[in-house]
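>>> Below are the sequence and a predicted model; questions follow.
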Amino acid sequence: MLCGKERCPVLVKFFHYSKVQPLIDDVFLEGSSPPSIFVGRIGYPKVAIGPLVPPFAGDTSYIDLPELWENVTIDDIVKFRSHLIRGKYVVNVYDVEKRDKIVDFTRELALARNSVDTEMLFEKKPYGRIALYDDAQPHGPSAPIRYLDISNPKYDHHIEKAYYDTDLKARDAVIELYRKGVLVSRIQKAFSVGAFGEKKYRRFVPTRWSITAVDSMIGEELMKNTKQYPLINEYRVYKYEKLDNRWIVIFLPTTWRYELIEAWYPKTTWNPYGKSISMFNSYEFYKGRKTYAEIGGCYYAARLAVNEKLNQERRQAGVIVLREAHPGYILPVGVWNVREAVRAALKREYTKCESLKEVLEEIRKFMDIPVERWIKNSAILKDLLMQRRLEEF
């Protein structure tokens, strides 16, 4: 407990690792991949690709479908993700069409829609800690692959069709699959193994990058529609709590503008040693932004979620997403947490406000951080409060 956190993340990881370690004390592993794969980024353009496989068989799909994790705890996530053993096989990102069984089987797993029985023979016993990221979902120990075999996978036919269309651009494939109802997490996996795009441009994409790339592409496409819809005629405040994160999503009766503000308490992922709360923001106005968001992948995940809602209602609005990450958020679990938390918030009843003043009062009541500090760290709130409008004259 030297870190000062309410719960020790080292002990949480150790507890779950001690449960899985006896099950993987061998160079041979047999189990049902959810299906799941991971493409690393260290050493780019030569990266490690391979499947994620638990040491048991059956329907394991749940442990790789974050869209279904609305009621899980951090312990639940660490528990079932720690069982996913990562096989590593180094390839060049340009060798998507390489005639190699391990490459072929890894790609097939990424295209599959059901759990796939998998066998892996490692160069040595899987080792290492439980890997936790703030952008990609966690996984367990890893080892280099010597041999890989899978049973006949059943492909998602929409993804399969996009894979065989070697004239279809990657962006168009992603948008088309999303419109056909394919889960974002499944699109991201297939994108990662170079399953989309014109044949000569296909590449392996590190998992971390593929997650944000897909969120960004879908969000941008939805924004095109958002900007054409009529404005909402009210202020809305949506509230949500999950994994000791508090969320407020504000809809403003303005043209499209968007901002994500995150406040990290001491002893949390992005503020582990600080003595005060750290706040970060990224934003865009109607014309969008040209540079990568300072906050990173979370920005694009939340932007996708709010544009989904606006497209469903065929309305345009300005949007501000506020996030308070409290000390109970002891471990990072991935960008999916942002996308799914904002989606969940927007499914709830909202508080209708008559003015921005009432919106600020709702923030004051729900968040621990004083509303004045949210304003100080917000480009959009400051603009609304300080910039005079034509309608005032």
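Nice, thanks for sending it over. Numbers count the residues shown, from 1 in each chain.

>>> For the stretch 251-393 of the chain, which segments count as helices?
Along the stretch 251-393 of the chain, the stretches classed as helices by DSSP state H, counting those that start in this stretch are 297-313, 336-346, 356-366, 371-376, 379-386.

>>> Minimum distance to Asp215: which of these has it?
Taking CB to CB, helix 297-313 is the member of the helices of the stretch 251-393 of the chain nearest to Asp215, at 4.1 Å. In short, each C-beta sits where N, CA and C put it, glycine included.

>>> buried residues in that closest one?
Across helix 297-313, burial judged by 16 or more other CB atoms under 10 Å covers 297-311.

>>> Could you measure from Val193 over to Asp104?
Going from Val193 to Asp104 by CB to CB, to the nearest Å gives 10 Å.

>>> more crowded one of the two?
Val193 (25 against 14; other CB atoms under 10 Å).

>>> looking at the helices of the stretch 251-393 of the chain, which is closest to Val249?
Distances from Val249 to each of the helices of the stretch 251-393 of the chain were compared by CB to CB, and the smallest falls on helix 336-346, at 5.0 Å.

>>> same for the closest one, what does it pack against?
With contacts taken as 3 or more CB pairs under 8 Å, 6 or more residues apart in numbering; DSSP states H and E, helix 336-346 sits against strand 235-242, strand 245-252, helix 297-313.

>>> relative orientation of that helix and strand 245-252 in degrees?
For helix 336-346 against strand 245-252, the angle between stretch directions is 50 degrees (axes from the mean of the first three to the mean of the last three CA atoms, to 10 degrees).

>>> Just give the closest residue to Ala112, not the sequence neighbours.
Spatial nearest neighbour of Ala112, excluding adjacent residues (CB to CB, 6 or more residues apart in numbering): Pro153 at 3.7 Å.

>>> And that neighbour, how far from Glu67?
Using CB to CB, one gets 20 Å for the distance from Pro153 to Glu67.

>>> between the two, who's got more neighbours?
Pro153 (20 against 13).

>>> wouldn't the more buried one be in contact with Arg107 here?
No. No contact is recorded between Pro153 and Arg107 when judged using CB atoms under 8 Å, the distance being 10.3 Å.

>>> How is the protein divided into domains?
9-150, 157-218, 235-392 (automatic domain parsing).

>>> and Asn225, which of these is closest to it?
Closest approach to Asn225 among the domains of the chain (CB to CB): domain 235-392, 5.4 Å.

>>> show me where pLDDT drops low in the stretch 1-150 of the chain?
1-25, 130-135 (pLDDT under 70).

>>> need the helices for it, in chain order.
Counting by DSSP H, counting those that start in this stretch, the stretch 1-150 of the chain forms helices over residues 9-20, 74-81, 101-111, given from the N-terminal end onward.

>>> on contacts alone, who are the packing partners of the last one?
Under the contact definition 3+ CB pairs under 8 Å, 6+ apart, helix 101-111 sits against strand 37-39, strand 46-53, strand 85-92, strand 116-122, strand 142-150, helix 157-164, helix 184-192.

>>> List every C-alpha atom in it, with coordinates, as CSV.
Taking only C-alpha atoms (Å, rounded to 0.1, in the frame of the first residue of the first chain), the coordinates of helix 101-111 have been written out as CSV:
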residue,chain,number,x,y,z
LYS,A,101,0.6,-20.7,-41.4
ILE,A,102,0.9,-18.6,-38.3
VAL,A,103,0.1,-15.4,-40.2
ASP,A,104,-2.8,-17.1,-42.0
PHE,A,105,-4.3,-18.5,-38.8
THR,A,106,-3.9,-15.2,-36.9
ARG,A,107,-5.8,-13.4,-39.7
GLU,A,108,-8.5,-16.1,-39.8
LEU,A,109,-9.1,-15.6,-36.0
ALA,A,110,-9.5,-11.9,-36.6
LEU,A,111,-12.2,-12.6,-39.2
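
>>> and the angle for it with helix 157-164?
Going by the same axes, to 10 degrees, helix 101-111 is angled at 140 degrees with respect to helix 157-164.

>>> Buried residues in helix 101-111, which are they?
Ile102, Val103, Phe105, Thr106, Arg107, Glu108, Leu109, Ala110, Leu111.
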